[in-house]
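Participant: A predicted structure for the sequence below; I have some questions about it.
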Amino acid sequence: MTGKKNLLFILLISGLFSACNKSDISFAEDVAPIIYDHCVSCHRDGGTAPFSLITYENVIRKKKTIAKVIKKGVMPPWPADPSYSHFVGENILSEEEKKTLLSWIDDGAPRGDPGRVPKLPEMDKLSAIGTPDFTVWMDSILVEGINRDKFLVVKIPFELPFDTFIRAIEFVPGEHNLVHHMNGHLLNYRDDLKSDVFDGTRVANVEQEYELYREDFFRLKLLQDDGSRPQRIHSAVNYLPGVIGVIYPEGIGGFSVNKKAALVANDLHYGPIAKDRWDHSHFNIFFTDRPPERPTMELMLGTNGVAPIIPKLQIPPDTILTCSTHFTIPEDVSILTINPHMHLLGRRFLAYAVSPDSDTIPLIRINDWDFRWQYFYTFKKMLKIPKGSTIWAFGTFDNTAGNPYNPNDPPETVSERYDFNGPGMRTTDEMFQFIITYLPYNKGDEDISLETEYHRKKTGN
């Protein structure tokens, strides 16, 4: 066989081998279902992600980025370690799904039959947890690009036809990664003591030590007409970067609301930015005819909580520090939702309970902390923690130049900072918190599913 014939033979065999090994994976039948299940809740028009992945053309344009983030394990974002504990709405690609996506990209990303593309999931553009019954909007707020934190108190009044009950409230930021956090309260006004809930200013800058009803904030007119305070439901809704609202099964959580009411974003914090941006956030309200049978309770460990941080949260430059906090519960409880919280120096988080019998009850482990994604993690079923158990939380902070999220170059000492904004409120300060939403335990709680119809509808489960 001549050299020329040898070359042709090799090329032929090589081509046949390649054809035999080329997969039959297509966008229409194999890739679109994965993208629709894991990605389009954010990657869509009006979603929180910077680009859409709705169509084949969308995905093709971003295929290199998709391959990169899959290999790194940063998308879809789900910081909690699934080998340690499980939660409602886990968004984790299986190894088989990863293999399918990467093989499809390596094989040239064939489209397949467009008629075989599955139906796009139904999604509400204004909500991540369902279609709300009522939506109230904050005034548009200009966040100046001066690289400084901005703290506001914002009033969002509303009036209903009659007193009723609220099942859940969801805060949706107008701009992703602009709102650092929001702690919201609900004010219930007596009809005979408040003539106009819309009277007064809507926004107040926080520039000095304050409380919600200090004279400095009278221009918000949060009090009733006779100067008395309305009923306040503390932490009716809260938000941190990346948080998705939580809605529990009927009868769990929720609260009463009067026909004249107002939401107050008592701590609306915008992080420092370099360029002016406008924010137009809103609140979604989900009503119910059912009075709250089991109001939820909250336990906070660490910063501003019932248990101290050991050692003190003060991180010198060029230091990696692990802190802990712990609390022994005085009664049997059923845990619904947990929320770990740190800032930019956070690297790892671990929490568990130790029962009086020395059994370890896993709560959450985050091996690679990401400030941008701080979920309210809700267990699939209520988790019983026996009376006398000690809840432990550990946080590791990296204040070295090797931490790509370190806000200081070169590194500086970072700690909790108590001032007019409270503990560690600035993005460049630090916090270490573990927040637990729970109920006093009732027999059978551990069998109650916390996966509501909204979640089942979204996932198809």
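Facilitator: Cool, got the structure. This is a predicted model, so every value here is computed, not measured.
Participant: chain center to stretch 391-407: distance?
Facilitator: 19 Å (C-alpha atoms, centre = their mean, to the nearest Å).
Participant: may I see the buried residues of it?
Facilitator: Residues of stretch 391-407 classed as buried: I391, W392, A393, F394, G395, T396, F397, D398, N399, N403, N406, P407 (neighbour count, 16 or more other C-beta atoms under 10 Å). Where you see a C-beta, it was placed from the backbone N, CA and C, and this is true even at glycine.
Participant: any chance of CSV for those residues, columns secondary structure, pLDDT and distance to I252?
Facilitator: Listed next are these as CSV, based on DSSP: H, G, I helix; E, B strand; the rest coil; pLDDT from 0 to 100; distance: C-beta to C-beta, whole Å:
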residue, secondary structure, pLDDT, distance to I252
I391, strand, 98, 21
W392, strand, 98, 26
A393, strand, 98, 24
F394, strand, 98, 29
G395, strand, 97, 29
T396, strand, 98, 34
F397, strand, 97, 35
D398, strand, 97, 38
N399, strand, 97, 40
N403, coil, 94, 39
N406, coil, 94, 41
P407, coil, 90, 39
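Participant: tell me the one of the residues you listed nearest M75?
Facilitator: Taking C-beta to C-beta as the measure, M75 lies nearest N403 of the buried residues of stretch 391-407, at 20.9 Å.
Participant: show me the contacts for the closest one.
Facilitator: L344, L345, R347 (C-beta atoms under 8 Å, 6 or more residues apart in numbering).
Participant: can we see that at 7 Å?
Facilitator: L345 (C-beta atoms under 7 Å, 6 or more residues apart in numbering).
Participant: ok, now R232?
Facilitator: Contacts of R232 (C-beta under 7 Å, 6+ apart): H185, L187.
Participant: run through the bridge partners of it.
Facilitator: L187 (DSSP bridges).
Participant: and the closest residue to T328 other than its chain neighbours, how many neighbours does it have?
Facilitator: Once flanking residues are discounted, T328 sits nearest to T390: 4.7 Å by C-beta to C-beta, 6 or more residues apart in numbering. For T390, the count of nearby residues is 15 (other C-beta atoms under 10 Å).
Participant: my guess is T390 contacts S355, does it?
Facilitator: No - look at T390 against S355 with C-beta atoms under 7 Å: they stay out of range, at 8.6 Å.
Participant: low-confidence ranges in the stretch 351-461 of the chain?
Facilitator: For the stretch 351-461 of the chain, the stretches flagged by pLDDT under 70 are 417-425, 453-461.
Participant: quick one: the strands in it, in order.
Facilitator: Applying DSSP state E, counting those that start in this stretch to the stretch 351-461 of the chain gives strands spanning 360-366, 377-385, 390-399, 414-415, 418-419, 422-423, 432-440.
Participant: before we move on, back to that, for L101, state which of the buried residues of stretch 391-407 is nearest.
Facilitator: N403 (29.8 Å).
Participant: show me where the stretch 301-450 of the chain has its helices.
Facilitator: Assigned helices in the stretch 301-450 of the chain: none (criterion: DSSP state H, counting those that start in this stretch).
Participant: got it, and the stretch 1-150 of the chain?
Facilitator: Counting by DSSP H, counting those that start in this stretch, the helices of the stretch 1-150 of the chain are 3-21, 32-38, 56-61, 63-72, 95-106.
Participant: rank these by pLDDT, which is bottom?
Facilitator: Lowest mean pLDDT within the helices of the stretch 1-150 of the chain: helix 3-21, at a mean of 46.
Participant: how close does P110 get to K119?
Facilitator: P110 is 21 Å from K119, where distance means C-beta to C-beta, to the nearest Å.
Participant: with neighbour numbers in mind, choose between the two.
Facilitator: The neighbour comparison of P110 against K119 (other C-beta under 10 Å) goes to P110, with 16 against 6.
Participant: hang on, the earlier thing: among the strands of the stretch 351-461 of the chain, which comes closest to G115?
Facilitator: Nearest of those to G115, taken as C-beta to C-beta: strand 377-385 at 36.1 Å.
Participant: any idea how this protein splits into domains?
Facilitator: Following automatic domain parsing, the chain resolves into domains at 20-116, 134-294, 298-459.
Participant: gap between the longest one and the chain center?
Facilitator: Shown here is domain 298-459, whose average C-alpha point lies 13 Å from the average C-alpha point of the whole chain (C-alpha atoms, centre = their mean).
Participant: and for the shortest one?
Facilitator: On the basis of C-alpha atoms, centre = their mean, domain 20-116 sits 21 Å off its chain's mean C-alpha point.
Participant: next one: the second one
Facilitator: Distance of domain 134-294 from its chain centroid, counting by C-alpha atoms, centre = their mean, is 18 Å.
Participant: could you point out the helix or strand that follows the strand or helix carrying V153?
Facilitator: Assigned by DSSP states H and E, V153 belongs to strand 150-159. Where DSSP H and E defines the elements, the next helix or strand beyond strand 150-159 is strand 164-172.
Participant: and that following strand, what's buried?
Facilitator: T164, I166, R167, A168, I169, E170, F171, V172.
Participant: confidence-wise, which of the residues you listed comes last?
Facilitator: Among those, V172 has the weakest pLDDT, 89.
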